[in-house]
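Visitor: Quick one, what's the 3D model for this:
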Amino acid sequence: MKCVILAAGYATRLYPLTENFPKPLLKVQDKTILDWLLEDIDQSGCVDGYIVISNHKFAKHFQEWADGHKLPITVLDDGTESNEARLGAVKDIQFAIDTLQLQEDLLVIAGDNLLNFSLVDFIEYQKKKSSTCVMRYYEPDINKLRKTGVAEVDAEDRIISMVEKPAEPKSHWCTPPFYIYKASDVPLVKKGIESGCGVDAPGSFIAWLSTQTSVYAYEMPGRRFDIGNLESYQEVQKTYKGIEK
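Guide: Next comes the predicted model:
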């Protein structure tokens, strides 16, 4: 399994911190956001390579970080240089698939989120389901639901429907950007793009894929910390204690 890390955004809401520096490499406590994620994932023993997709503006920062790392990390530069010119997460995933000829299971994660629980159980869950899987958590706030991917699931955790940023959410299940693509579904990323699925949010492909094949949603056993602006970054600095579960 390879881990594909989405890190090509420009984090404009975190300016001036991220005006000339990538958000995933900001430190929380004594580690970068990426190091918190990768050190946990590496414990699974299932991932044999990490692929960081960067924009051109920040690629050198990621390469310097990767060069000082013990893990096998490949940095890909998607060539974009501004927020307005960005490819979008789904096209960045396809860029990685094409560039590296990826054909195995892919753990796809956003590089700017923190979790207080281990992803190892999520990886084990996907093995049991032997299907593409996403994570989900219960969100009571309707306004927050309108800003994220929302899924309906059946009694077996299978996604019945999923919509990115719905005006009228049909459930309270949010789907944060943590996915495992089954190897046989990896070629369908290109088909999803060609079929008109959205490309900006990574969940847009999953929403389309769930209409083509079975996709399952793992209920998160803990909390996700989304560092979206300066206030949330300052709050995480105060409260984040690492993996607790």
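
Visitor: alpha carbons only for contacts and neighbour counts from here, please
Guide: Will do.

Visitor: any idea which helix or strand carries the nearest residue to Ile180 once chain neighbours are set aside?
Guide: Among residues not flanking Ile180 along the chain, Leu107 sits closest, at 4.4 Å (CA to CA, 6 or more residues apart in numbering). Remark: Leu107 resides in strand 106-110, with elements defined by DSSP states H and E.

Visitor: Mind giving me the packing neighbours of that strand?
Guide: Applying 3 or more CA pairs under 8 Å, 6 or more residues apart in numbering; DSSP states H and E, we find strand 106-110 packed against strand 2-7, strand 178-181.

Visitor: Can you tell me the strand partners of the last one and which way each runs?
Guide: Under the criterion DSSP bridges, strand 178-181 sits next to strand 106-110 (antiparallel), strand 132-138 (antiparallel) in its sheet.

Visitor: could these be laid out in JSON lines, adding mean neighbour count, distance to Asp121 and mean pLDDT?
Guide: Output for the strands paired with strand 178-181, formatted as JSON lines (neighbours: other CA atoms under 10 Å; distance: least, CA to CA, whole Å; pLDDT from 0 to 100):
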{"stretch": "strand 106-110", "mean neighbour count": "22", "distance to Asp121": "13", "mean pLDDT": "97"}
{"stretch": "strand 132-138", "mean neighbour count": "23", "distance to Asp121": "11", "mean pLDDT": "97"}
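
Visitor: how about those strands, which one is nearest Val163?
Guide: strand 132-138 (13.2 Å; CA to CA).

Visitor: immediately after the closest one, which helix or strand?
Guide: Once the chain leaves strand 132-138, the next helix or strand it forms, by DSSP H and E, is helix 142-145.

Visitor: Name the residues of that next one that are buried.
Guide: By 16 or more other CA atoms under 10 Å, the buried positions in helix 142-145 come out as Leu145.

Visitor: What of stretch 230-238?
Guide: 233, 236.

Visitor: May I have the distance across stretch 74-83, first residue to last?
Guide: Its first and final residues considered, stretch 74-83 spans 23 Å by CA to CA, to the nearest Å.

Visitor: For that stretch, what does the pLDDT average out to?
Guide: Average pLDDT, stretch 74-83: 94.

Visitor: in the chain, what spans have low per-residue confidence?
Guide: Scanning the chain for pLDDT under 70 picks out the ranges 245.

Visitor: Just want the angle from the strand holding Leu107 to strand 2-7.
Guide: Angle, strand 106-110 to strand 2-7, by axes from the mean of the first three to the mean of the last three CA atoms, to 10 degrees: 20 degrees.

Visitor: From Lys241, how far off is Pro187?
Guide: Pro187 is 38 Å from Lys241, by CA to CA.

Visitor: Mind checking which of those two has more residues around it?
Guide: Pro187 (15 against 12; other CA atoms under 10 Å).
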